[in-house]
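>>> sequence isn't available, so here's the structure alone:
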Ligand SMILES: Nc1ncnc2c1ncn2[C@@H]1O[C@H](COP(=O)(O)OP(=O)(O)OP(=O)(O)O)[C@@H](O)[C@H]1O
Ligand SMILES: [Mg+2]
């Protein structure tokens, strides 16, 4: 038997070796589901299955990348690179690109991110003269998104009296009109939003049987991770593609289904056995991730849910420490507790910052934690805020690039037509939009033929519009010969963007410049490196697609040593040695918005199960007795979830400050009550606050810019690190893993190192761009 297969236990081996036919692996957290998928693909390839015929769908692109790297170490990088692997969105965006003409789209269609969709919807609401307090663009967007994910097209909407009535009851009778206008505007702009990537794929596979047949024959083997969180649209795609060969392997855990609010349908996993004939069902029971205390505590929680498949999860790992439960007086104290225990644990056990994660229910909770970590100089990174590619200055640059390959892109055009300022006012832009809508042309087309249209602008403005068109057209010419990096560098210089950001000399301006530099670095890296690992051509369209679908989790190079802060939703599938779950308070977690029904509460409980099962060695549960929410200090009670854990797995600690300052606990000072004997107040029954007008707390600006500082500069300066690297050093590269430096050559900005990498063999890399980390 192949050597790598000995790294699986017997139960894992069975589904790994089962290649043909429909099958499902249902198993609890940390039992090796993702590992089985990975090894199964390697095994299939070793049996001679062509990687071109294997499609593997993961929850994040990062997960796909890691799987691919692992497979590459087993079967070799050149084979692994031909695998189709990624999220639903990224895989089907690629397929749509090659089939776009069938749907009337240009092949280099733009992908609108949420921000673009929001802006377009807001502008439609304004153009239709609707009340923006009733038609809140975010709510409208999520409504449209749910139609699309349920495959309700505009036509289907207008044929469905129930939907129309529901929207009318919600005081939004024009919802259908907005939906219609939004869809038409996206189409005209040659743009698809995230939901379109799935919706249009379904349309493609349904309307064009020959296209369906083509991809059925290509993807003879399909694998899906985290199947419990697929939505209806994704479900139908998988169903259609696997229909011919029925070689479909899905893995998942019903207890970790946490995306119902975004349309995920837990029934997809529960009904899988009905969807295909002769489904083989496999179960894994041994958890390899966590200590006994954590596994048992997690089991005791999920036991409380009524809707679930019965599963056993056990571990042969050590008993481990009990789960620490900490009460604080305020959210500020909670943050300090987290920071100080991270500091101590790290010191005592010689750990890395990256061994720690802090998980919370809502993004807004990160502030208090951040403050405390900053005070202690503990480096951290927030995931899931504004991604790097959504920052203003980055989107400005990207909008130029988007317009170059797709001049129909309305949102890109509106963003940069007067940025940097070139004297084209909002009134002019509004006239262009009205005219474009009237002629059913794109704004760019109207600008190009302005004399032939009904747009009335003065001579000066007409020249300015013409100049803008000429500028973009000159970039289009350059795009035919230059690579992404060269083009972007030219654009930032000649469009006046760099000058604009450099102008004020404020710290914000400096940060913006650094970010642009980092963007250019990333492009260089893309141009130089991408071809080696993935089957892409490195074109501008591909780069833009990558960044449109990138989340900041994907951007994580895995090479930085910081505490990870993220919502539990984002942490799915990940693992960390030390995990803090903070804000365990009634109305916060479980969320006040999710206590109306049993099924909502059960989803919250699954979320808690996901959180706890991320921990390998030690979990901390914390809550505060009062917390700032919606700008007010409010009292809070411990979450019922703490009480639901079997007490034997808990170690209830209360920090000394609280014992000192809290009169309620003054008995403690005299030793009358042992800290771990303090009882909780019984958790309140679920309370639905009728008519409560709670506002979502303001969202946070993500990631400190510090964390994104470029390692290398593009201006030709060698970075600090160059001079340090010597032959024999062991270094780490984001794609190729660790490697030994064999040779160093060149001077200054052109220093290159020849490195023998663990994955990918000997490579010569330009140090300026290679972003290496010396590890030995
Ligand atoms: N047979 C095994 N021997 C050693 N380690 C294993 C084995 N199986 C899995 N692991 C390790 O256990 C951890 C959990 O595995 P994996 O992430 O595949 O579980 P999972 O079932 O996908 O978890 P989740 O439900 O959280 O997605 C990983 O670190 C993995 O490398
Ligand atoms: Mg997994």
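Happy to help now that I have it. Please read all numbers here as calculations on a predicted model, not as lab measurements. Ligands and ions are numbered 1, 2, ... in the order given.
>>> quick one: contacts for the closest residue to residue 90 other than its chain neighbours?
Counting by C-beta to C-beta, 6 or more residues apart in numbering, residue 90 lies nearest to residue 549, which is 5.0 Å off, once chain neighbours are set aside. Heads up, the C-betas are built off the backbone N, CA and C, glycines and all. For residue 549, the contact set (C-beta atoms under 8 Å, 6 or more residues apart in numbering) comprises 61, 87, 89, 90, 93, 111.
>>> in terms of pLDDT, where does the second one sit?
Here the pLDDT value assigned to residue 87 is 93.
>>> for it, which non-adjacent residue is closest in space?
Using C-beta to C-beta, 6+ apart and skipping residues adjacent in sequence, the residue nearest residue 87 is residue 61, 5.6 Å away.
>>> the one you found: neighbouring residues, count only.
For residue 61, the neighbour count with other C-beta atoms under 10 Å is 21.
>>> wait, isn't it in contact with residue 88?
No - Residue 61 sits out of contact with residue 88 when judged by C-beta atoms under 8 Å, with a separation of 10.8 Å.
>>> coming back round to it: from ligand 1, how far off is the residue nearest to residue 90?
Relative to ligand 1, residue 549 is positioned 21 Å away (C-beta to the nearest ligand atom, to the nearest Å).
>>> ok, now which ones touch residue 147?
153, 157, 163, 179.
>>> cutoff 10 Å now
By C-beta atoms under 10 Å, 6 or more residues apart in numbering, the residues touching residue 147 are 153, 154, 156, 157, 160, 163, 175, 176, 179, 183, 195, 199.
>>> model confidence over the helix or strand containing it, on average?
Per DSSP states H and E, residue 147 falls inside helix 137-149. The pLDDT scores in helix 137-149 average 94.
>>> now the element after that helix, going C-ward?
Assignment by DSSP H and E places the next element after helix 137-149 at helix 154-158.
>>> quick one: buried residues of the helix or strand following that following helix?
Note on helix 154-158: by DSSP H and E, the next helix or strand toward the C-terminus is helix 161-169. Using 16 or more other C-beta atoms under 10 Å as the test for burial, helix 161-169 gives 163, 167.
>>> quick one: contacts of helix 161-169?
Outside helix 161-169, the residues that touch it by C-beta under 10 Å, 6+ apart are 140, 143, 147, 150, 152, 156-158, 160, 172-176, 178-179.
>>> pLDDT of it, averaged?
For helix 161-169, mean pLDDT rounds to 93.
>>> how far does that helix sit from the chain's center?
With C-alpha atoms, centre = their mean, to the nearest Å as the basis, helix 161-169 stands 33 Å off its chain's centre.
>>> now do the contacts for residue 25.
Going by C-beta under 10 Å, 6+ apart, residue 25 touches 11-12, 14-16, 18, 31-33, 36-37, 40, 225, 227, 249-253, 280-284.
>>> returning to what we had before: I'd like to know which of the contacts of residue 147 are buried.
Buried subset of the contacts of residue 147 (neighbour count, 16+ other C-beta under 10 Å): 154, 157, 163, 175, 176, 179, 183, 195, 199.
>>> buried ones in the helix or strand harbouring residue 524?
Under the criterion of DSSP H and E, residue 524 resides in helix 507-533. Neighbour counts over helix 507-533 (16+ other C-beta under 10 Å) mark 511-530, 533 as buried.
>>> quick one: residue 626 is in a strand?
Yes - counting by DSSP: H, G, I helix; E, B strand; the rest coil, residue 626 is part of a strand.
>>> next, count neighbours for it.
Number of residues near residue 626 (other C-beta under 10 Å) recorded here: 16.
>>> that one bridge partners, please.
residue 330, residue 635 (DSSP bridges).
>>> please renumber the chain so that the first residue is 286 from this point on.
Done: numbering now begins at 286, and the last item shifts to residue 911.
>>> for it, list the residues it contacts.
613, 614, 615, 616, 617, 618, 870, 918, 919, 920, 921.
>>> 8 Å instead, please
For residue 911, the contacting residues are 614, 615, 616, 918, 919, 920, 921, by C-beta under 8 Å, 6+ apart.
>>> and residue 561, by the same measure?
307, 527, 531, 533.
>>> just the buried ones from these?
307, 527, 531, 533.
>>> between the contacts of residue 561, which is closest to residue 728?
Residue 728 has its nearest neighbour among the contacts of residue 561 in residue 527, at 42.0 Å by C-beta to C-beta.
>>> now do the nearest residue to that closest one once chain neighbours are set aside, the pLDDT please.
With C-beta to C-beta, 6+ apart as the criterion, residue 527 has its nearest non-adjacent residue at 4.0 Å, and that residue is residue 533. What the model reports as pLDDT for residue 533 is 98.
>>> residue 533 against residue 304, yeah?
No - at 11.4 Å, residue 533 does not count as touching residue 304 under the criterion of C-beta under 8 Å.
>>> tell me where the stretch 636-785 of the chain has helices.
Along the stretch 636-785 of the chain, the stretches classed as helices by DSSP state H, counting those that start in this stretch are 651-660, 677-690, 695-701, 711-724, 728-733, 744-764, 769-779, 782-788.
>>> I'd guessed residue 549 sits against residue 513; true?
Yes - applying C-beta under 8 Å, one finds residue 549 in contact with residue 513, separated by 7.3 Å.
>>> quick check: the gap between the closest residue to residue 460 other than its chain neighbours and residue 585.
Distances taken as C-beta to C-beta, 6+ apart place residue 452 nearest to residue 460, at 3.9 Å, with adjacent residues excluded. As defined by C-beta to C-beta, to the nearest Å, residue 452 lies at a distance of 43 Å from residue 585.
>>> helix, strand or coil for residue 1023?
Residue 1023 ends up strand, using three-state DSSP.
>>> so what's it bridging to?
Legend: beta-bridge partners of residue 1023 under DSSP bridges are residue 1017.
>>> and whichever residue of the stretch 886-1035 of the chain sits closest to ligand 2, what pLDDT?
Closest residue of the stretch 886-1035 of the chain to ligand 2, C-beta to the ion: residue 898 (10.3 Å). For residue 898, the pLDDT comes out at 98.
>>> what's near enough to touch it?
313, 314, 315, 541, 574, 575, 579, 580, 583.
>>> one more: residue 897?
Contacts of residue 897 (C-beta under 8 Å, 6+ apart): 579, 582, 583, 586, 608, 864, 866, 904.
>>> can you tell me how far the third one is from residue 314?
Spelled out, that is residue 583. From residue 583 across to residue 314, the span is 7 Å (C-beta to C-beta).
>>> okay, and the common contacts of these two?
Common neighbours of residue 583 and residue 314 (C-beta under 8 Å, 6+ apart) are 598, 894, 898.
>>> need the pLDDT of the nearest residue to residue 870 once chain neighbours are set aside.
Using C-beta to C-beta, 6+ apart and skipping the chain neighbours, the partner closest in space to residue 870 is residue 921 (4.0 Å). What the model reports for residue 921 is a pLDDT of 91.
>>> same question, residue 1005
pLDDT for residue 1005: 32.
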